[in-house]
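S.K.: I would like the atomic coordinates for the input below:
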Amino acid sequence: MSIIRFGIFLTLLGTFAFAQSDLQLNVVSVKDDSDLVTIFKADVVDPFCKEAQICFKLKDSVHVSVRIITPQGEVIRNLMSADLDSGMHKLTWDGKDDNGKVTESGVFIYEIQARQMTRSALLAMLN
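M.R.: Numbering: from 1, shown residues only. From the prediction side, this is the model:
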C-alpha cells in the first residue's frame, strides 16, 4: 500500500484555496490491459449547470464500473456499472451522491474499472 500526498490550487472568482489530502492506494500488477481505458479531459465542469463530464475511450468491449470517491476514500456515488462497446464514452455526474443528496463543493476522484485495470483522475465540483 502506498500513500500519495497531493495538493491542488482552485480559483473561484479570484479567491485562492488549497486542498490537500493523503490517499492510500493499493498497487496491483496489471498484465496486458494497461491501455484498455484512456481518459480524456479529466474533468470538464460547468459551474452554472453544476455537472461534470467524464470522457473516456475503451480499447475493447468490456464491463466498466465508474465511481465517485472523496479524497478520504469514501465512495459517494456508483455512477455506472455496465457492459460497454469499444470506443468513446461520455458520462455526466450531477454532483449528487447515491442517495440523491447534492454534495458539497470540493475535489473528488473518479475511478474507472475495467477487467483488472483501474484508472482514476481528479474532479473539481462546484455546487
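
S.K.: for residue 115, give its distance to residue 90.
M.R.: Using Cβ to Cβ, to the nearest Å, residue 115 is found at 21 Å from residue 90. Every residue, glycine included, has its C-beta placed from N, CA and C.

S.K.: I misspoke; the intended subject was residue 98.
M.R.: 21 Å.

S.K.: higher neighbour count, residue 115 and residue 90?
M.R.: residue 115 (15 against 11; other Cβ atoms under 10 Å).

S.K.: that one and residue 65 touch, don't they?
M.R.: No: judged on Cβ atoms under 8 Å, residue 115 makes no contact with residue 65 at a distance of 10.7 Å.

S.K.: tell me where this protein has helices.
M.R.: Using DSSP state H, the chain contains no helices.

S.K.: my guess is residue 109 meets residue 123, correct?
M.R.: Yes: applying Cβ under 8 Å as the test, residue 109 and residue 123 come out as touching, 6.9 Å apart.

S.K.: okay, and the common contacts of the two?
M.R.: residue 68 (Cβ atoms under 8 Å, 6 or more residues apart in numbering).
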